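Colleague: Below: sequence and its predicted model.
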Amino acid sequence: MGEIEQKPTPGSRLGAAENSGISTLERGQKPPPTPSGKLVSIKIQMLDDTQEAFEVPQRAPGKVLLDAVCNHLNLVEGDYFGLEFPDHKKITVWLDLLKPIVKQIRRPKHVVVKFVVKFFPPDHTQLQEELTRYLFALQVKQDLAHGRLTCNDTSAALLISHIVQSEIGDFDEALDREHLAKNKYIPQQDALEDKIVEFHHNHIGQTPAESDFQLLEVARRLEMYGIRLHPAKDREGTKINLAVANTGILVFQGFTKINAFNWAKVRKLSFKRKRFLIKLRPDVNSSYQDTLEFLMASRDFCKSFWKICVEHHAFFRLFEEPKPKPKPVLFSRGSSFRFSGRTQKQVLDYVKEGGHKKVQFERKHSKIHSIRSLATQPTEPNSEVPKQSPKSASLTFGEGTPSPGGQSCRQGKELKVSAEESGSHQSPALKKSPPGNALADGATLVPQEEEDEEEGVKDRVQPCKPQPPQPSTELSINSQGGAVPATVTLSPNLSPDTKQASPLISPLLNDQACPRTDDEEEGRRKRFPTDKAYYIAKEVSTTERTYLKDLEVITSWFQSTASKEDSMPETLKSLIFPNFEPLHKFHTNFLKEIEQRLALWEGRSNAHIRGDYQRIGDVMLKNIQGMKHLATHLWKHSEALEALENTIKGSRRLEHFCRDFEQQKVCYLPLNTFLLRPLHRLMHYKQVLERLCKYHPPSHADFRDCRAALAEITEMVAQLHGTMIKMENCQKLHELKKDLIGVDNLVTPGREFIRLGSLSKLSGKGLQQRMFFLFNDVLLYTSRGLTASNQFKVHGQLPLYGMTIQDSEDEWGVPHCLTLRGQRQSIVVAASSRAEMEKWVEDIKMAIDLAEKSSGPTAEVLASSPPDNKSPDEATAADQESEDDLSASRTSLERQSPHRGNTMVHVCWHRSTSVSMVDFSIAVENQLSGNLLRKFKNSNGWQKLWVVFTNFCLFFYKSHQDNHPLASLPLLGYSLTIPSESENIHKDYVFKLHFKSHVYYFRAESEYTFERWMEVIRSATCSASRAHVLSHKESHVY
């Protein structure tokens, strides 16, 4: 007889040999037999506060109980959830899925086990099922009520308004207030009642599923979302809290996050009795010791936290479940604990394969019934977030038998989503899971515990295909180090069947694990308009998104942080925030109008009326006229900048507060830079309108509106021109002050910054690298010691009044050498190239002329050290670089320097180059953002990223909705070219960036965007001469 061929199940395809959960069973398939024996009844408290009793064999592993709960709920994505209970020592612990239940729950009759969310993904759009999102929303509701999810009043009111919408439906003030009186969602809710009602009024027409989605969208941005605090102390005995998240291990003081250790930086996790140890990878730019130590209340607390760290790491970072360790023959050293279950990647792959049915469920607290589709076919890859029909029949929560009359609730047309708007994709290295427990970045963290010795989580590097590691010296990772499945963006597309755009039309998890293919990219390019005006309009849209995110740094993140602290005076708050919030509100509506126009232009909505909407001038004119009403707020920004810096100068507490805020990932530029953004944005509108007026012939339908809008914005820029110049100089002086040690009065009236850069200073010991700072009255030179702060120590100053400069290559035999002779001292310096020397000579001569025309010699700027008036051949110890004792003990609460390691000063230092204030001004004009495809020198595939160019730097995001960049690439010193034939890049619109051995290729979507990226990047990689720049700036108003 022939053998019967068995069809592989999704579980077997994933390599999960033992997974009896409902989510991995085919139709008609039964789970493996559980251990026989006495049954024990265990009470489970669900997220909707109901209790269910489950009978399981007492010798069965914990996995059997969790699978029974998921089976009861018909929950497909049960891997995000867990069971927690108080053990015999009253410590809340997670049920171990591999150990027998009887060994964990000693007295089952007296214990209530809670079914809760265990793993919070970085983005709720990764949750495919409506039921899963509903359970997550219940978890957020529970955390709010118990005070675990702390946030400001505005966020709390917005969260509750979405909960109310899902429970009672559309706004009715009397019904709202009655419902809020009966239900307490948060302590001190009465004070927020008016705000909740006001927000609820905005949610009319929103279904419960959409309310869950929006609730999670708000919640995921909160610092305490998904955080469970574990009390601990650092080495100095300071009370802190530890937590673990999808990104790594977090350190809190109270409810404020003060530090984070990403998985990519962690080499080993271990504990020894009550001590929890984190061993970090070596990092020359970090001020931490390689091993950090925290003291917890007991060994049980410590082990419990260690276990959840191991599980989080495995779930979010591994491709597949870790294999069990072989049992030792004689002695057992350490614990056999390991993560059990599917990893997040396996869950995403399984749900995408559609190997499950969608079944009904009922919302316990909601008066609006919800039903999931009963379609037997696999889920469509571009399916929308499910919408519900209030009239649909529903079953009791948790019933597993589908109703024969159930129908799909989704109505309306399926909308095509622009390739620009669809979710970003993972790197090509993630396209196929390599064998073994491979990390997304090629390394594996293997959990291993050693009882009362040194328990550890150690690295084991395994072979992993393609993507070579990014050069850490050039690409500074400042967020999640691992390749977590990419986030998905929400499309702003309009639906022709509804009154307003639905924010929920989104291709959830659409081919997350693989990059866009070249055929798809070509097809997408052909579908969209090829008119240059379309791409100019699209540039307005992409840069407006970035501008709104920059405004949110002030209006949302900074304001939220300031509201939790008492560091900022009320007068300063009232000067900053009320002058930025109206701008944010205005530009939010502006962006919506632009994107609606682009949707019509692309024909995504009503294609037959496209001809009337292939223009942008009318939208620009209307909104620029509206900006004039905001001019009073723009005038206040200069006052706000000065007030902030003056208050910081007089308040050490505010200084520390601002420094800590700048360490947050969302603050990717110096804080005071964001205060300049609104003025800079006006210049961008002016440039765009100039390009449109130049492109359109006078007879074009859009020309008249574009020209009128250009006249309006030109007038605004001219009025604010002087304020802008003053603010830029002020901002630059304050930024430089943070990078310098030993300066008392750098920021003084009349002082202007001209150039900074690296030069070699000749001394008795030869040429030594120094950092020079040129102002209109003085030249400072500094050195960078190996200090924790990464600051530059000022060694001396040369007043420019009476200074002379001469070429001295022949005298000293050093290429590109200059002698600077002041009234009190002389120094000999050498530049790295002839071009660098010419830039310095030009600027120093101009600065000397300015000093001669001023009233006289400048005041001393050094704090206390005497001027260095030694000749080059006098070697002195005073000119040596100062170094701190790096072997000194550092606690976990010591932060890295208040200054970033990749500020412009540090980039110039490492790349032996310089940058002038004129270069900074040009960089302000040349800001750009949009989607690019990136490829490394030795990789095969292209990775789609959202890229922002500003401050001489490229910032990389997974999508435009991300709040902070994944990585940054400073461009000073890089060369910009087009790939040669020998490089085998057979694609259109590709440019190449290279510095020494670091090579990156980028692809744009059109000829216009390619030229724009080339133009703005060239401004950062090639400094123009001062004469050329001045003539350029005279042709423009700024």
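Modeller: Done, it's in. Computed from a predicted structure; not experimentally measured.

Colleague: Report the buried residues of the helix or strand where V688 lies.
Modeller: For V688, the element it lies in under DSSP states H and E is helix 677-695. By neighbour count on 16 or more other Cβ atoms under 10 Å, the buried set for helix 677-695 is 677-689, 691-693, 695. No exception for glycine: its C-beta is placed from N, CA and C like everyone else's.

Colleague: Now for V69: which residues touch it?
Modeller: Counting by Cβ atoms under 8 Å, 6 or more residues apart in numbering, V69 touches I44, E52, F54, L75, G78, F81, L83, F115.

Colleague: Can you verify my assumption that the fourth one contacts T132?
Modeller: By that I understand L75. Yes. If you go by Cβ atoms under 8 Å, L75 and T132 touch, sitting 7.0 Å apart.

Colleague: ok, back up a step: and the helix holding V688, C-alpha only, in CSV?
Modeller: Below are the C-alpha coordinates for helix 677-695, written out as CSV (Å, rounded to 0.1, in the frame of the first residue of the first chain):
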residue,chain,number,x,y,z
ARG,A,677,11.8,75.8,12.1
PRO,A,678,8.8,78.0,11.4
LEU,A,679,10.9,80.8,10.0
HIS,A,680,12.9,78.4,7.9
ARG,A,681,9.7,76.8,6.5
LEU,A,682,8.6,80.2,5.0
MET,A,683,11.8,80.1,2.9
HIS,A,684,11.0,76.6,1.7
TYR,A,685,7.5,77.7,0.5
LYS,A,686,9.2,80.6,-1.4
GLN,A,687,11.7,78.2,-3.1
VAL,A,688,8.9,75.8,-4.2
LEU,A,689,6.8,78.6,-5.6
GLU,A,690,9.8,80.0,-7.5
ARG,A,691,10.3,76.6,-9.1
LEU,A,692,6.6,76.3,-10.0
CYS,A,693,6.6,79.9,-11.5
LYS,A,694,9.7,79.0,-13.5
TYR,A,695,8.2,75.8,-14.8
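
Colleague: got a list of contacts for it?
Modeller: 532-533, 536, 539-540, 543, 547, 550-551, 580, 583, 616-617, 620, 624, 627, 633-634, 637, 702-703, 706-707, 709-710, 713-714, 716-717, 720, 723-724, 727, 924-925, 927, 1036-1038.

Colleague: got it, and stretch 216-223?
Modeller: Residues outside stretch 216-223 that contact it (Cβ under 8 Å, 6+ apart) are 120, 122-124, 127, 133, 136-137, 140, 149-151, 155, 158-159, 162, 225, 255-257, 963.

Colleague: Over to stretch 713-723?
Modeller: Residues from elsewhere that reach stretch 713-723, judged by Cβ under 8 Å, 6+ apart: 624, 627-628, 631, 634-635, 637-638, 679, 682-683, 685-686, 689, 1037-1038.

Colleague: which one of the residues you listed sits closest to M568?
Modeller: Using Cβ to Cβ, H637 comes nearest to M568 of the contacts of stretch 713-723, at 16.8 Å.

Colleague: Okay, the closest one and S298: tell me how far apart.
Modeller: Plainly put, H637 is 53 Å away from S298 if you go by Cβ to Cβ, to the nearest Å.

Colleague: More neighbours: which of these two?
Modeller: H637 (23 against 12; other Cβ atoms under 10 Å).

Colleague: who touches that one in this structure?
Modeller: H637 neighbours (Cβ under 8 Å, 6+ apart): N579, L675, L676, P678, L679, T723, M727.

Colleague: wait, is it part of a helix?
Modeller: Yes. Counting by DSSP: H, G, I helix; E, B strand; the rest coil, H637 is located in a helix.

Colleague: Buried residues, the helix or strand L591 falls within. List them.
Modeller: Using DSSP H and E, L591 maps to helix 581-602. Neighbour counts using 16+ other Cβ under 10 Å place 581, 583-584, 586-587, 590-591, 594-602 of helix 581-602 among the buried residues.

Colleague: Contacts for the very next helix or strand once past it, please.
Modeller: Next along the chain after helix 581-602, taking DSSP H and E as the criterion, comes helix 617-627. Contacts to helix 617-627, defined as Cβ under 8 Å, 6+ apart, come from residues 540, 586, 590, 593-594, 597, 682, 685, 688-689, 692, 702-706, 708-709, 712-713, 716.

Colleague: then helix 617-627 to CSV, C-alphas only?
Modeller: Output of helix 617-627 as CSV, limited to C-alpha atoms (Å, rounded to 0.1, in the frame of the first residue of the first chain):
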residue,chain,number,x,y,z
GLY,A,617,-1.1,77.0,-6.7
ASP,A,618,-4.6,77.6,-5.4
VAL,A,619,-4.0,75.5,-2.3
MET,A,620,-0.7,77.3,-1.6
LEU,A,621,-2.2,80.8,-2.1
LYS,A,622,-5.1,80.1,0.2
ASN,A,623,-2.9,78.8,3.0
ILE,A,624,-0.1,81.4,2.6
GLN,A,625,-2.8,84.1,3.0
GLY,A,626,-3.9,82.2,6.1
MET,A,627,-0.3,82.3,7.5
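
Colleague: any idea of the angle it forms with helix 677-695?
Modeller: Helix 617-627 runs at 150 degrees relative to helix 677-695, counting by axes from the mean of the first three to the mean of the last three Cα atoms, to 10 degrees.

Colleague: What average pLDDT does helix 617-627 get?
Modeller: Across helix 617-627, pLDDT averages out at 92.

Colleague: cool, stretch 197-215 as well?
Modeller: 91.

Colleague: Can you give me the buried ones in it?
Modeller: 197, 199-200, 203, 206-215.

Colleague: Buried residues, stretch 742-751. List them.
Modeller: Neighbour counts using 16+ other Cβ under 10 Å place G742, V743, L746, V747, R751 of stretch 742-751 among the buried residues.

Colleague: okay, now H910: neighbour count?
Modeller: 17.

Colleague: repeat for L630
Modeller: So L630, with other Cβ under 10 Å, has 17 neighbours.

Colleague: That one belongs to a helix?
Modeller: Yes. Under three-state DSSP, L630 sits within a helix.

Colleague: Is it correct that it is in contact with K585?
Modeller: No. With contacts counted by Cβ under 8 Å, L630 stays clear of K585, the gap being 9.9 Å.

Colleague: which neighbours do these two share?
Modeller: With Cβ under 8 Å, 6+ apart, L630 and K585 have no common neighbours.

Colleague: ok, back up a step: now do the following helix or strand past the helix holding V688, average pLDDT.
Modeller: Later in the chain than helix 677-695, the nearest helix or strand by DSSP H and E is helix 703-739. The average pLDDT for helix 703-739 rounds to 90.

Colleague: Stretch 309-329 too?
Modeller: Mean per-residue pLDDT for stretch 309-329: 76.

Colleague: Begin at 26 from now on, thanks
Modeller: Fine by me, first position is 26 from now on; the one you just mentioned is stretch 334-354.

Colleague: Report the distance from the one helix or strand F140 maps to to the chain centre.
Modeller: Following DSSP H and E, one finds F140 within strand 137-142. Computed by Cα atoms, centre = their mean, to the nearest Å, the chain-centroid distance of strand 137-142 equals 31 Å.

Colleague: With stretch 261-270 instead?
Modeller: In terms of Cα atoms, centre = their mean, the centre of stretch 261-270 is set 23 Å apart from its chain centre.

Colleague: quick revisit: which two in the buried residues of stretch 222-240 are spaced the farthest apart?
Modeller: Top of the distance list for the buried residues of stretch 222-240 (Cβ to Cβ): V222 and A234, 22.5 Å.
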